[in-house]
Structures are given as C-alpha cells and as structure tokens.
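Participant: heads up, no residue letters with this:
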C-alpha cells in the first residue's frame with residue numbers, strides 16, 4: 001500500500017468541497033442496498049404478510065410528490081363511511097414511499113401495503129417483469145403479473161422548468177424550446193446550469209426517453225435499433241455532456257430550487273404539476289417565477305397509475321375497498337379535485353382552464369401544451385434506453401475523502417468500509433474516474449484519480465486496509481482532494497469531492513477562510529461540487545455547510561433513517 005504525505009503548496013491554494021460522513025456508512029447487515037430502476041438482479045419474491053381476514057382497510061403506497069393530492073382523496077373517501085356487505089368499514093390508509101421501495105418490498109414479500117400508486121407505470125412494468133422472472137413458468141406461457149390492471153386518475157407531463165428570464169433567453173414564449181437549445185446554451189455559457197434526475201427516477205428516465213426520441217427523429221415506435229444508431233447516440237451524448245450533475249427525485253429538486261433560487265440551477269426537469277405548485281407557494285414564498293417548457297420534439301407523461309397488489313394475504317374486504325376507491329376516483333367532483341391539485345384529470349371532459357384550475361400562465365404552465373406527446377415504449381425498449389444512458393451520460397471525476405481518525409475506530413469504520421465498497425459497486429461501467437484521500441492527523445494515503453477500469457481493485461484493497469487513529473485534519477484533506485480535481489481542468493466531466501467524517505477539524509495547516517476563498521476562486525474557473533454528509537453528533541455541521549455552500553453543494557445528516565436516501569443521492573451524481 002502506497003503512503004504519501006501531503007505537502008502544503010500555497011496559502012492561496014484553491015480548495016473546496018467537503019462531504020461529511022457518507023451516512024450510508026451506517027448501512028447495517030439487515031438493510032438491503034437499493035437497486036437501480038432496471039436492475040438485472042431478481043430478488044426472491046414472496047407473498048405479503050397476511051392481514052386480518054375480515055379487514056377492509058386498504059393501505060395505499062404513494063410516491064412523495066403527490067402527498068397533498070393523496071391525503072385529500074383519502075380524506076374524502078373515508079368521509080363517506082362506506083361498508084362492505086358484511087359491515088366491515090372501508091377505509092383508505094396511506095404509506096408514503098419511493099417507487100423503488102414499493103417495488104422492492106413487493107418483490108421480497110414484505111409489502112406493508114395492498115395497493116400502490118407510483119409516479120409512472122414504468123415502475124409497474126418493472127415490478128411485473130421482475131416478478132415474472134422469479135416465477136417458474138412453462139416456455140411460451142403468458143408471464144404472470146403481481147399487480148392487477150391499473151387505473152389512471154391523474155397525469156402530468158414532464159417539462160423543463162426554467163426561471164422566467166432564462167426561458168425568455170431560450171426563445172420562450174415566441175417559439176418552442178428544443179433539447180438542442182438547452183445544449184447550445186450550456187455549451188456557449190459555462191455558467192449555465194441545468195440538470196435532470198438520473199434514470200433511476202421516473203422523471204429522469206422519461207426525459208432521457210424524450211432525448212432519444214428527438215435524436216431518432218420519431219415520435220412513436222422507438223426501437224432498440226434506433227436507440228443504438230450512432231447518430232442517435234451522438235445526439236443524446238451532445239445533450240448529456242452539458243448536464244451539470246444528475247440530481248435527486250423531482251420533489252427534492254423543486255425544494256432545493258425554493259431554497260436556493262437562481263443560485264441552484266437555471267433549468268431542471270420536473271413534472272408540470274410541481275411547477276404550478278412551486279409558483280403557487282406550496283414550498284414557501286417562491287424566490288422567482290418558474291416557467292414550464294414543453295420540448296418541441298415532444299414529451300412523455302407521468303401517468304400516476306393505481307394498481308392492486310395481488311398477493312395471498314389480500315382479503316375480500318380489501319379487494320372491495322380497492323374497487324370502491326377506483327370508482328370513487330372516476331367521479332366528476334373527485335376528478336375536479338385532481339385538477340385543483342395541479343394534475344391533469346383522467347376525465348378529458350373537464351376543462352383545464354376552469355376558474356379554479358391552477359394550470360395557468362400565472363403559475364408558469366400552459367394547459368394547451370404539450371403539442372406533441374410521445375409514445376411510451378415497451379419495457380424492453382425502456383430498459384435499452386436506460387442501458388444506453390450509461391454510455392451517453394456525462395461522466396464524473398470523484399475524490400473520496402475518508403476520515404480514519406481515532407473516533408472512527410470500531411463500528412463506525414467498519415460501517416464506512418462497507419458503505420464505500422457498496423458505493424463503488426453501484427457505479428455502472430468502468431469509465432468513471434475515482435480517487436481517494438485518507439486522513440487523520442494528516443494525509444496518510446492518496447490513491448490518484450483514475451478510471452475504475454484501472455483502479456477499482458486498488459480502491460477496494462485500500463478501503464479494506466483502513467485503520468483508525470489520530471486527530472482530524474479535515475481541511476488539509478479537502479484541500480488535497482480539491483486541488484487534484486481542479487488541476488485536471490476537466491469541464492467535460494462532473495467534478496465532486498465526497499468527504500466522510502464524524503469529527504471536528506483540529507489538525508490542519510489550512511484555515512477555514514483560506515479554504516472558502518479557494519473554493520470561490522477555483523469554482524469561478526472550474527466548478528467542483530461539494531456534497532457533505534455529516535456522520536454523528538460530533539461532526540462540525542457549520543464548517544461542512546460553509547464548504548458545501550461555497551460550491552453549490554449539499555450537507556446531509558448521516559442518520560440510520562436517512563442511509564438509504566443518502567445512498568441514492570450520491571449515486572445520482574454519476
């Protein structure tokens with residue numbers, strides 16, 4: 001194992017980024033690692049836990065962005081006080097979870113819900129495909145399904161949200177905005193920042209599908225052959241290389257826009273409903289107006305399906321409640337409530353420009369758009385796009401900064417090592433460039449930045465060999481990692497430093513002011529993201545926040561409750 005002592009270069013050294021403790025290092029043996037949207041791994045499927053055979057209470061899992069809508073609908077349904085033929089009370093209870101959690105719980109037989117409404121039918125397709133793979137069936141037989149036929153009660157198009165002045169600079173409203181307009185603007189202006197979520201999130205995958213449609217020059221019938229056409233791949237690659245970074249699920253993105261305003265991003269992909277909600281004050285007083293841009297080449301829709309989970313534990317009463325809820329959602333007054341919540345109702349007879357509709361220009365949306373709707377491809381084509389995205393997406397330079405001070409000894413370091421190994425294993429392909437800085441009283445080891453094709457085994461070996469002891473030279477380690485990225489001067493890639501620490505700075509030569517000044521100077525020329533995850537109550541949250549804010553990054557608390565979310569967040573950056 002190579003050991004290298006860091007020497008101090010210059011007091012004006014451009015330093016930057018800090019990521020506290022990868023809270024995911026708290027991953028315990030019983031917590032499953034979240035899978036990607038179209039993973040090839042098929043977990044062992046099983047029935048959900050049996051319920052009281054007479055219960056008619058139906059638990060519905062819903063995706064977080066429609067929290068307000070689902071609560072309003074459940075309250076209205078429960079207020080009817082309906083009963084089954086044998087006098088059991090029909091009741092809807094809600095369980096908020098990500099679509100990925102819904103899929104995984106259903107597949108391993110641990111679902112605490114009997115029905116689910118993710119943001120897109122993509123998730124139902126994935127659930128049923130993986131369920132069928134886990135079942136023994138005769139060759140040529142129709143694949144079994146674990147969900148019943150879904151009903152769609154609310155839809156919303158996927159749009160590009162941009163601040164109003166940014167939208168006007170792109171040609172809105174005089175002319176429709178194209179994906180290539182974003183690409184040209186980002187290429188010409190290095191300060192222009194836009195993003196879409198990774199394809200592990202429905203909005204990110206739907207936006208990526210729209211890019212592939214645009215590159216193929218079609219609006220229907222996207223095929224694997226069209227996806228793999230060199231011209232299509234080149235088109236998508238040109239767009240993707242201008243993405244600043246791949247963000248989180250869309251509700252997390254819209255919340256960050258509310259908090260950070262124009263300093264966060266110039267444009268980003270979300271659903272139309274969230275643009276309306278943002279401008280309507282759902283996330284606090286908006287720091288500016290967002291405008292929904294509907295790509296001229298066409299867009300896809302988040303269709304918010306509701307489906308029953310067909311398991312052995314499902315009771316006749318729960319099945320009857322689902323049917324009643326399904327019928328309830330189709331009622332005209334309920335569909336009007338869907339519209340009031342900012343979604344487009346499934347009932348096409350309801351006018352979108354009614355007096356109480358939030359789909360208005362004042363809310364930044366246009367009910368007459370989109371002019372072109374793209375066809376959702378078959379599941380195998382969707383999977384092909386997700387796979388192709390790993391080739392076309394913008395690559396990353398990542399420096400991992402690992403605290404091995406004495407306070408990390410024992411379970412903390414064991415957990416950190418497990419988390420780092422999992423972190424590396426989740427990176428698809430070998431073209432991402434990863435390096436490592438280990439620190440305690442000083443910098444004790446550096447694995448230089450290189451592609452995983454060259455250093456994956458080295459990184460894993462160094463992670464396995466970590467031992468704890470000494471003090472905490474956090475700022476010096478951040479400086480070393482930042483300078484290595486800054487010296488690369490690689491604007492083609494996402495650049496980020498990930499720091500894992502549970503302590504407070506007490507051994508560095510550099511001061512906080514020097515580091516902050518360095519970040520501000522360095523990022524003016526070569527932006528490096530600071531994403532901080534603070535592990536434990538002893539971590540210096542104030543310092544981590546300063547470093548993260550200076551680069552436009554984030555700080556997250558690495559509690560066991562947030563471990564799985566943190567893992568997903570870090571994965572979306574590349």
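Facilitator: Alright, I've got the coordinates. Since the structure is predicted, the reported quantities are computational estimates derived from the model, not experimental observations.
Participant: Would you mind giving the secondary structure of residue 95?
Facilitator: What DSSP: H, G, I helix; E, B strand; the rest coil gives for residue 95 is strand.
Participant: What separation do you get for the residue lying closest to it once chain neighbours are set aside and residue 324?
Facilitator: Among residues not flanking residue 95 along the chain, residue 61 sits closest, at 4.7 Å (CB to CB, 6 or more residues apart in numbering). (C-beta placed from N, C-alpha, C; glycine too.) Remark: distance between residue 61 and residue 324 (CB to CB, to the nearest Å) = 18 Å.
Participant: Check residue 54 too.
Facilitator: In terms of CB to CB, residue 54 sits 16 Å off from residue 324.
Participant: And residue 61 and residue 324? Which one has more around it.
Facilitator: residue 61 (24 against 19; other CB atoms under 10 Å).
Participant: mind checking how far the more buried one is from residue 200?
Facilitator: Distance, residue 61 to residue 200, using CB to CB: 18 Å.
Participant: Same check on residue 500?
Facilitator: According to CB to CB, residue 500 and residue 200 sit 22 Å apart.
Participant: Name the residue in these two with the higher neighbour count.
Facilitator: More crowded of residue 500 and residue 200, by other CB under 10 Å: residue 500, with 30 against 23.
Participant: On the three-state scheme, that one is what?
Facilitator: At residue 500 the chain is in strand, as set by three-state DSSP.
Participant: Same check on residue 270?
Facilitator: Classification of residue 270 by three-state DSSP places it in strand.
Participant: what's near enough to touch it?
Facilitator: If a contact means CB atoms under 8 Å, 6 or more residues apart in numbering, then residue 270 has 158-159, 161, 203, 250, 253-254 as its contacts.
Participant: and those residues, which of them are in strands?
Facilitator: Under the assignment DSSP state E, these contribute 158-159, 161 to strands.
Participant: and the gap between the residue nearest the centre of the chain and residue 476?
Facilitator: Residue closest to the average C-alpha location in the chain (CA atoms, centre = their mean): residue 248, at 2.8 Å. Using CB to CB, we find residue 248 at a distance of 30 Å from residue 476.
Participant: so who does the residue of the chain most remote from its centre touch?
Facilitator: Residue farthest from the centre of the chain, counting by CA atoms, centre = their mean, is residue 86 at 44.1 Å. Neighbour list for residue 86: 54, 317 [criterion: CB under 8 Å, 6+ apart].
Participant: For the stretch 151-300 of the chain, which segments count as strands?
Facilitator: In the stretch 151-300 of the chain, the strands defined using DSSP state E, counting those that start in this stretch lie at 151-152, 154-163, 194-195, 267-271, 290-293.
Participant: With residue 220 as the reference, name the closest of the ones you listed.
Facilitator: Residue 220 sits nearest to strand 154-163 of all the strands of the stretch 151-300 of the chain, at 16.6 Å, using CB to CB.
Participant: Parallel or antiparallel, which strands does that closest one pair with?
Facilitator: Its sheet considered, strand 154-163 pairs with strand 267-271 (antiparallel), strand 290-293 (antiparallel), strand 301-302 (antiparallel), strand 344-345 (antiparallel) by DSSP bridges.
Participant: Give the rounded mean pLDDT of that strand.
Facilitator: Average pLDDT, strand 154-163: 98.
Participant: before we move on, what about stretch 130-148?
Facilitator: Mean predicted confidence for stretch 130-148 is 85.
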